[in-house]
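Colleague: turn this into a model:
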Amino acid sequence: MIIADLFMENWIGEDGIEHKGLIDPQISSDYVSRFPQAVHKLRLIEPTKMKRIAFDNLRELLAQGRITFTEEFKKGDSTITVVEKTPKGKDKTIERTVSTEEALALINIELMKGELVNIYRKDTTNGYTYDLNPDLKGRNFDDRAYVCALIALRLSEINRAKLNKSSNNFNYANFIYGTSNGSKKTNIFGSSFNGF
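Modeller: This is a model prediction of the structure:
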């Protein structure tokens, strides 16, 4: 059983509302008839096979300014500064109190930024890959960094599909990989270590 199997059945939330299940009709084609109400919105991928492509896309979107991160948020903070546009198009800066859920989300973003700083690009005999700093393996995690990279992968797919005016079936053969620049490592997140 894979974790996605748990998403196929309809479920009832804490609010008593029934939610439809999710299914990937390509990977789980044998189960489509067993779960006819499941929505075909789930797409399963093998993260280890897509790691390089996902992190390449993250680097690209960060360099283009299409993905940006929140200002630093520390545990115990209760307000954030928000820039809003006025009806006349001018920027207006306000301080706003965050809810408990928003504070938790912002703390998780901070943890994700910390994980991303510790991911670096490593040259291999087959080109390059991305990995957690070897000094931190077993002590730090990279789950949130993976999630960020997979979001970047999906955003890139959507952008390319719009540019190509094609369907959601994205052709990975269209990716053009950059060449490795030796063992030089640079960090786009600003740490003095190597990052990407």
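Colleague: what residue is smack in the middle of this protein?
Modeller: residue 148 (2.3 Å; Cα atoms, centre = their mean).
Colleague: make sure that residue is actually in contact with residue 117.
Modeller: No. The criterion here is Cβ atoms under 8 Å, and residue 148 misses it with residue 117 at 11.7 Å. Bear in mind the C-beta positions are built from the backbone N, C-alpha and C, glycine included.
Colleague: how close does the residue nearest to the centre of the chain get to residue 112?
Modeller: Residue 148 is 6 Å from residue 112, where distance means Cβ to Cβ, to the nearest Å.
Colleague: likewise for residue 157?
Modeller: The value you get for residue 157 to residue 112, if Cβ to Cβ is used, is 21 Å.
Colleague: confirm that the residue nearest to the centre of the chain sits in a helix.
Modeller: Yes. Counting by DSSP: H, G, I helix; E, B strand; the rest coil, residue 148 is located in a helix.
Colleague: OK, contacts around it?
Modeller: By Cβ atoms under 8 Å, 6 or more residues apart in numbering, the residues touching residue 148 are 58, 67, 112, 116.
Colleague: turn the residues you listed into CSV, including pLDDT and neighbour count.
Modeller: Converted to CSV, the contacts of residue 148 look like this (pLDDT from 0 to 100; neighbours: other Cβ atoms under 10 Å):
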residue, pLDDT, neighbour count
58, 95, 25
67, 90, 16
112, 94, 18
116, 93, 24
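Colleague: show me the residues you listed that map onto strands.
Modeller: Secondary structure from DSSP state E places none of the contacts of residue 148 in strands.
Colleague: inside helices: which ones of these?
Modeller: Among those, the members found in helices (DSSP state H) are 58, 112, 116.
Colleague: and the nearest residue to the first one once chain neighbours are set aside, what's its pLDDT?
Modeller: With Cβ to Cβ, 6 or more residues apart in numbering as the measure, residue 152 is the residue that lies nearest to residue 58, at 3.8 Å, once sequence neighbours are left out. Note for residue 152: predicted pLDDT of 94.
Colleague: how about residue 152, phi and psi?
Modeller: Main-chain dihedrals, residue 152, degrees, to the nearest 10: phi -60, psi -40.
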